[in-house]
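Enquirer: mind folding the following:
(one chain, ligands or ions: 1)
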Amino acid sequence: MASKGITILGASGSIGVSTLDVLARHPDRFHVFALTANSNVDKIFEQCQRFQPRYAVMVETVAATLLEKRLQAVGSEVVVLAGAEALDAVASSPETDYVMAAIVGAAGLLPTLAAARAGKRVMLANKEALVMSGQLFIDAVREHGAELLPIDSEHNAVFQCLPTDGRKGVEKILLTASGGPFRTWSSSDLQGVTPEQAVAHPNWSMGQKISVDSATLMNKGLEVIEACWLFGLPAERVEVVVHPQSTIHSMVSYNDGSVLAQLGNPDMRTPIAYALGWPERLVSGVAPLDLFATARLDFEQPDRERFPCLLLAYDAHARGGYATIALNAANEVAVKAFLGREIGFADIPLLVKDVMHQASAGTPMNLDDILIQDEESRVRSLSWIKNKKLH
Ligand code: NDP
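Expert: Numbering: from 1, shown residues only. Okay, the predicted model is just below:
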């Protein structure tokens, strides 16, 4: 079998690092074509030394210059490219077979779409890209013969539990949620949550933004929208189940009473290896699940009052594409402001609700309209924060 060329968008992040860990176990099947990051020169330098990609892309120009100098000093032949357009170029290059879409947030939309339009195997971690572009993205996948494989552990689990030939007999998707670090906290305690507490996820080790999203349950909300697009089901058939142990990664409920579940240790290398090898299974480095050590599997309803972000996401999806873009943009701005101690944890849903409700009804039909809505919602979110500080 010919070695597959891999581009990792967001190589310096948590998913990027786990992807390289899996690739390193299969040097005969895969080679790294391109690694990308925003500005983390140290990490990409180290990865270039080890994996010798053809290209390294740094979005920030200063970082690109610095990386180039460091690579030249050690005699490396890696070609360094700068700027966001270079992300699209490596993601759609004929020398790339598979693209790991692991940039965080809206910044991942254009290169992920470029990969889909170039007919690649798109391994989608960057859920924000799909939440923003919905039908447009799914149409691009279909029209250009791309393969879309979910990396989110929940959607990867669902993918593994669905029939291979359509949705026959499928009643519901049951998306599991750990409930985050504040599952048992009271509403008044949630007012005082610090960024340090919010990024300390009980089961998963992840980037800062998704860790905060997990703490507010916005991550689960984004995942509900992601599941609707990926699996072509209405939101009423995507249910969230809180499962604090994160042993079951999600389930599919069938019309004969069967519920199929995928279980495993909470380690992203399992879904990454599954997407890389599909339809085969590959060694991932993840330890086998010890069911006797797990002992308990608990399930609860999500608390929609203490964690309003989940309902906001269902609401946005019902309103249409403009609202989901606004939801995502407002959330990104809110999380950044929370991490920068400009707003409190409980302000996140308030800001998101306000900005999402200002979005027009309906769904944008082209990329320009998507990007305009994204930009407008960010401006509204920033002025919300400014007003909040004034009062
Ligand atoms: P990290 O914050 O760890 O990494 C983000 C990556 O994106 C880094 O490589 C970063 O580069 C790059 N990046 C950030 N901003 C930009 C930008 N403006 N342009 C280009 N690249 C940029 O995030 P995670 O790995 O945790 O998450 C990545 C995506 O995967 C998210 O969408 C998340 O929701 C999803 N996901 C993550 C999971 C996890 O376990 N971590 C699980 C399931 C989904 P730099 O380092 O230079 O800033």
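Enquirer: residues near residue 197, how many?
Expert: 13 (other CB atoms under 10 Å). C-beta: built from backbone N, CA, C; applies to glycine.
Enquirer: so it makes contact with residue 181?
Expert: Yes. In terms of CB atoms under 8 Å, residue 197 counts as a neighbour of residue 181; the distance is 6.4 Å.
Enquirer: what do those two both touch?
Expert: Taking CB atoms under 8 Å, 6 or more residues apart in numbering as the contact criterion, no residue touches both residue 197 and residue 181.
Enquirer: near the ligand, which residues of the protein are found?
Expert: For the chain, the residues in contact with the ligand (CB under 6 Å from any ligand atom) are 10-16, 37-40, 59, 102-104, 107, 125-128, 152, 204, 206-210, 268.
Enquirer: narrow those residues to those in strands?
Expert: Of the positions in those, residue 37 sit in strands, assigned by DSSP state E.
Enquirer: kindly give a single ChimeraX line that selects the buried subset of the residues of the chain next to the ligand.
Expert: Typed into ChimeraX, the next command selects the buried ones out of the residues of the chain next to the ligand (criterion: 16 or more other CB atoms under 10 Å):
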select :10,11,12,13,14,15,16,37,38,39,40,59,102,103,104,107,125,126,127,128,152,204,206,207,208,209,210,268
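Enquirer: which of the residues of the chain next to the ligand fall within helices?
Expert: 14-16, 127-128, 208-210 (DSSP state H).
Enquirer: dump those to CSV, plus pLDDT.
Expert: What follows is those, written out as CSV (pLDDT from 0 to 100):
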residue, pLDDT
14, 97
15, 98
16, 98
127, 97
128, 97
208, 95
209, 96
210, 96
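Enquirer: closest one to residue 230 out of these, please.
Expert: Distance to residue 230 across those (CB to CB) is lowest for residue 127, with 9.4 Å.
Enquirer: correct me, but the closest one touches residue 226?
Expert: Yes. Residue 127 lies in contact with residue 226 (CB under 8 Å); the separation is 4.5 Å.
Enquirer: shaky segments in this protein?
Expert: Judged against pLDDT under 70, the chain has no low-scoring part.
Enquirer: closest residue of the stretch 151-300 of the chain to the ligand?
Expert: residue 207 (2.6 Å; CB to the nearest ligand atom).
Enquirer: no no, the chain
Expert: Residue nearest to the ligand within the chain (CB to the nearest ligand atom): residue 13, separated by 1.9 Å.
Enquirer: and stretch 184-195, how far apart are its ends?
Expert: With CA to CA, to the nearest Å as the measure, stretch 184-195 spans 18 Å from end to end.
Enquirer: actually stretch 72-91, not the one I typed
Expert: Stretch 72-91: ends 24 Å apart by CA to CA.
Enquirer: contacts for it?
Expert: Stretch 72-91 is contacted by residues 7, 9, 33-34, 36, 48-49, 52-61, 64-65, 67-68, 71, 96, 99, 103, 107, 110-112, 114-115, 118, 120 when judged by CB under 8 Å, 6+ apart.
Enquirer: among the residues you listed, name the ones in strands.
Expert: 7, 9, 33-34, 36, 55-58, 99.
Enquirer: quick check: the farthest pair among those?
Expert: Longest span within the ones in strands among the contacts of stretch 72-91, CB to CB: 58 and 99, 17.6 Å.
Enquirer: before I go, just wanted to say thanks for your time.
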